[in-house]
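Student: pasting a predicted model and its sequence here:
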There are 2 protein chains.
Amino acid sequence: MKWDDLSREPCSLARSVAVIGDRWTLLILRDCFLGVRRFEAFQERLGISRTIIADRLKVLTDEGVLAKVAYQDRPVRHEYRLTEKGLDLYPVVLAIVSWGDRHYDDGRGPPILRRHKACGCDFQPVMTCSECGDEVEARAVEARPGSAFSPSAAG
Amino acid sequence: MKWDDLSREPCSLARSVAVIGDRWTLLILRDCFLGVRRFEAFQERLGISRTIIADRLKVLTDEGVLAKVAYQDRPVRHEYRLTEKGLDLYPVVLAIVSWGDRHYDDGRGPPILRRHKACGCDFQPVMTCSECGDEVEARAVEARPGSAFSPSAAG
DNA sequence: TCCAATAAGTTTATTTTCTGGACGGACCAT
DNA sequence: ATGGTCCGTCCAGAAAATAAACTTATTGGA
């Protein structure tokens, strides 16, 4: 299996992971959700080489997760903004953060607190069922092949 | 920034990503949630080299996400089972799958359908607020530093 | 006894990715 | 002119990821 094959797998997780399944990409997305938009800001915050930043931003832009928008002319400068598709990744980022909050707490509590503007409370994300509204647990779910299934498929 | 530094960052996402932020690791976890437990089965399903499987299973075991359990003696053979910490990753996996279902559908519908045993329905995961129960959207959340915050922290 | 099969890795050599630094181009302020 | 900002690209060496072949331990059968 090669990296490029991943996006052609009949598996939604494999297809997603082909785009966002990379340490630096996930860190870039974290910063996007915290309002970071500029190349220099990503580079400074992450402290990794510019080559990687440029490469990952290009992938995310090509995939429509980020949009490159000019914020000034003379000289033209661009910033990277989350698209609707990118905003849809919030549950992914939040789920990862939440798992880290629970299992990698150093005793000082979560590094970041999040407030739900609608109700005004600090909250934890809860994964619920679209049909009954109850919390969904791994053990309460039964997976079966869908119409796009093929023998090697999964996810 | 080096890989090992990641787990020492005051950021829950960075700490999590140090463990699970890798294509193959996420694919292995996908298979775990589908009931795959044995080395050979992972290797066969993923079609990647045994070195990677061995390495990733070791990391996940060391981190307590998977537990290595003997299922026979003479010769000793082990299988890898999700621990409670591992089961807690279900929202992460489900969020990624859900994003792929939405944005990388090839027109044939989702490769895998999931049924919530509690209510009997096929469902989509919905990220909700632990306090008010409503769906949480990226734009409705305000982040601020927590007690464990330090200047370079985020997430 | 000898050979094949099974399961779970290791070893070796190659390929890919990442880093750190320098460089470029377009503009602005002093 | 000189330095500063912003957004990259290019390069060579270092680090990591990867595939293919090999190892170990055991069972079962010819």
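Tutor: In hand now; what should we look at?

Student: around DNA strand C, which positions in chain A sit nearby?
Tutor: Counting by Cβ under 7 Å from any atom of the strand, the residues of chain A lying close to DNA strand C are A:3, A:22, A:24, A:48-52, A:55, A:74-75. (C-beta placed from N, C-alpha, C; glycine too.)

Student: so which elements touch the strand or helix carrying residue A:91?
Tutor: Using DSSP states H and E, residue A:91 sits in helix A:90-103. In this structure, helix A:90-103 makes packing contacts with helix A:23-33, strand A:125-129, helix B:12-20, helix B:90-103, strand B:125-129, judged by 3 or more Cβ pairs under 8 Å, 6 or more residues apart in numbering or on different chains; DSSP states H and E.

Student: the residue of chain A most remote from its centre: what secondary structure?
Tutor: In chain A, the residue that sits farthest from the middle, by Cα atoms, centre = their mean, is residue A:74; the gap is 32.8 Å. Secondary structure state of residue A:74, per DSSP: H, G, I helix; E, B strand; the rest coil, is coil.

Student: and if you look at the one 4 residues further on?
Tutor: State at residue A:78, reduced to three classes by three-state DSSP: strand.

Student: quick check: it vs residue A:22, distance?
Tutor: Distance, residue A:78 to residue A:22, by Cβ to Cβ, to the nearest Å: 22 Å.

Student: more neighbours, the two?
Tutor: The residue with more neighbours, out of residue A:78 and residue A:22, is residue A:22; 20 against 16, by other Cβ atoms under 10 Å in any protein chain shown.

Student: what is the least confident helix or strand in chain A?
Tutor: Lowest mean confidence among the helices and strands of chain A (mean pLDDT, DSSP states H and E): helix A:3-6, at a mean of 79.

Student: just how off-centre is stretch A:71-91 within its chain?
Tutor: Offset of stretch A:71-91 from its chain centre (Cα atoms, centre = their mean, to the nearest Å): 15 Å.

Student: pLDDT below threshold where in chain A?
Tutor: Scanning chain A for pLDDT under 70 picks out A:149-155.

Student: make it 50
Tutor: Along chain A, segments meeting pLDDT under 50 span A:151-155.

Student: what residues does chain A put near DNA strand D?
Tutor: Proximity of chain A to DNA strand D (Cβ under 7 Å from any atom of the strand) is limited to residues A:1-3, A:38-41, A:49-51, A:54, A:57, A:68, A:75, A:77-79.

Student: overlap between those and the residues near chain B?
Tutor: Near chain B, judged by Cβ under 8 Å from any Cβ of the partner chain, the entries from the residues of chain A next to DNA strand D are A:1, A:3.

Student: centre of the chain to stretch A:132-146, how far?
Tutor: How far stretch A:132-146 lies from its chain's middle: 22 Å, per Cα atoms, centre = their mean.

Student: how about that stretch against chain B, any contact?
Tutor: Yes: contact between stretch A:132-146 and chain B, assessed by Cβ under 8 Å from any Cβ, occurs at A:132-134, A:136-146.

Student: still on that earlier bit, which elements pack onto the least confident helix or strand of chain A?
Tutor: Packed against helix A:3-6 by the contact rule (3+ Cβ pairs under 8 Å, 6+ apart) you find helix A:12-20.

Student: show me how far the helix it packs on is from its chain's centre.
Tutor: Distance of helix A:12-20 from the chain centroid (Cα atoms, centre = their mean) equals 11 Å.

Student: now for it, which elements pack on it?
Tutor: In this structure, helix A:12-20 packs against helix A:3-6, helix A:23-33, helix B:23-33, helix B:90-103, with contacts taken as 3+ Cβ pairs under 8 Å, 6+ apart.

Student: neighbouring contacts of that helix?
Tutor: Helix A:12-20 is contacted from outside by A:3-4, A:6-7, A:9, A:25-26, A:29, A:59-60, A:63, A:65, A:89, A:92, A:154-155, B:23, B:26-27, B:30, B:93, B:96-101, B:103-104, B:110-112, using Cβ atoms under 8 Å, 6 or more residues apart in numbering or on different chains.

Student: give the full set of residues in contact with residue A:139.
Tutor: Shown in contact with residue A:139 (Cβ under 8 Å, 6+ apart): residue B:87.

Student: now with 10 Å?
Tutor: Taking Cβ atoms under 10 Å, 6 or more residues apart in numbering or on different chains, we find residue A:139 in contact with B:82, B:87, B:90, B:117.

Student: that one belongs to a strand?
Tutor: No: read with three-state DSSP, residue A:139 is helix and lies in no strand.

Student: could you flag which of the contacts of residue A:139 are buried?
Tutor: B:82, B:90 (16 or more other Cβ atoms under 10 Å in any protein chain shown).

Student: mind putting the contacts of residue A:139 in a markdown table, distance to residue A:13 and secondary structure included?
Tutor: Putting the contacts of residue A:139 into a markdown table (distance: Cβ to Cβ, whole Å; DSSP: H, G, I helix; E, B strand; the rest coil) gives the following:
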| residue | distance to residue A:13 | secondary structure |
| --- | --- | --- |
| B:82 | 16 | strand |
| B:87 | 17 | helix |
| B:90 | 12 | helix |
| B:117 | 21 | coil |
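
Student: cheers, nothing more for now.
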